[in-house]
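Visitor: Sequence and computational prediction follow.
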Amino acid sequence: RVLGAWTASMAEKPASAAGSDPKREKKRLIVVLERACLETAKVGKDYVLLDCDTHKNFLFKHKRNPADYRPDILHQCLLTLLDSPLNKAGMLQVYIRSERGVLIYVNPQIRIPRTYKRFAGLMVHVLHKLSVSAANGPTKLMQVIKNPVTDHLPAGSRKIAASVKGRLVSLPEFVATLPKDEPAVFVVGAMAHGSVEEVADYTEECVAWSEYPLSGAAALGRLCVAYEQRLGVL
């Protein structure tokens, strides 16, 4: 079967990325992207990542709401996070959990494809093969791992959900109250509708850092900048 346009040989490792064990690093932000839309199906001869634009007729035929199928939101979020100076400095770790509960580890060294078509091919590969490796070695750049996500988070880390319904805070001031030498976990939604509170029951508080609804990518961009300022990453 055809798994999409991505192959392991397309995986790239930017030279500036840090390669140390994320659980052993200090001064790091951990982001869990919850409720990501990652559902594959065989359409024609190929397995594809379902999305509202390309597969609208298929979704209607199977009595699904196309508005719920927005994997492009996850793509935007990953580009924002992994392109950030915070990630290039080795201070960021990302996990993805899909709407169906599939948990994925994202190696900070991965270079996410710039185009959505290649990104969709990558995610089909990961979901069917359970991992994707670097072209020049055995390093896993993305890997399906066992739930719950809390098993992969540092013990005692503060866990914070992001929602427009949460307590409104100034993000730079809020980040400044967090321990500088201990990681904090922020849970951000990667879906078109709804909130993360109902699935992120492992968080301790819920905050908003704008009085206006923000896209996931916009919210994550502000979060990365706040941490970069806090940790002196230029």
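Guide: Structure's in. What do you need?

Visitor: ok, N65 touching L50?
Guide: No. Look at N65 against L50 with Cβ atoms under 8 Å: they stay out of range, at 11.5 Å. Quick note: C-beta positions are derived from backbone N, CA and C, even for glycine.

Visitor: Which residues are in contact with each of the two?
Guide: The overlap between the contact sets of N65 and L50 (Cβ atoms under 8 Å, 6 or more residues apart in numbering) consists of L59.

Visitor: Comparing these two, which residue is more hemmed in?
Guide: A count of neighbours by other Cβ atoms under 10 Å puts L50 above the other of N65 and L50, at 22 against 11.

Visitor: any idea how far the more buried one is from L29?
Guide: 30 Å (Cβ to Cβ, to the nearest Å).

Visitor: In this protein, mark out all the helices, start to finish.
Guide: With DSSP state H as the criterion, the chain has helices at 56-61, 71-82, 85-88, 116-129, 171-176, 216-231.

Visitor: Same list (these) but as TSV, adding mean neighbour count.
Guide: Formatted as TSV, these follow (neighbours: other Cβ atoms under 10 Å):
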stretch	mean neighbour count
helix 56-61	14
helix 71-82	22
helix 85-88	21
helix 116-129	20
helix 171-176	16
helix 216-231	20
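
Visitor: Tell me the spacing between the closest residue to T150 other than its chain neighbours and E34.
Guide: Of all residues beyond its chain neighbours, the one nearest T150 is Y202 (5.1 Å), with distances taken as Cβ to Cβ, 6 or more residues apart in numbering. According to Cβ to Cβ, Y202 and E34 sit 10 Å apart.

Visitor: Comparing those two, which shows the higher neighbour count?
Guide: Ranked by neighbour count (other Cβ under 10 Å), Y202 and E34 place E34 first, with 26 against 14.

Visitor: Which parts of this protein are strands?
Guide: For the chain, the strands defined by DSSP state E cover 29-36, 40-43, 46-49, 92-98, 103-106, 131-133, 140-145, 158-168, 184-189, 205-208.

Visitor: Can you tell me which helices and strands the shortest one packs against?
Guide: Going back to what we said before, that points to strand 131-133. Contact analysis of strand 131-133 by 3 or more Cβ pairs under 8 Å, 6 or more residues apart in numbering; DSSP states H and E lists helix 116-129, strand 140-145 as its packing neighbours.

Visitor: which one of the ones you listed lies closest to Y212?
Guide: helix 116-129 (25.7 Å; Cβ to Cβ).

Visitor: how big is the angle separating the closest one from strand 92-98?
Guide: Calculated by axes from the mean of the first three to the mean of the last three Cα atoms, to 10 degrees, helix 116-129 forms an angle of 70 degrees with strand 92-98.

Visitor: Quick check: which helices or strands does helix 116-129 pack against?
Guide: For helix 116-129, the packing partners by 3+ Cβ pairs under 8 Å, 6+ apart are strand 40-43, strand 46-49, helix 71-82, strand 131-133, strand 140-145.

Visitor: Cheers, nothing more for now.
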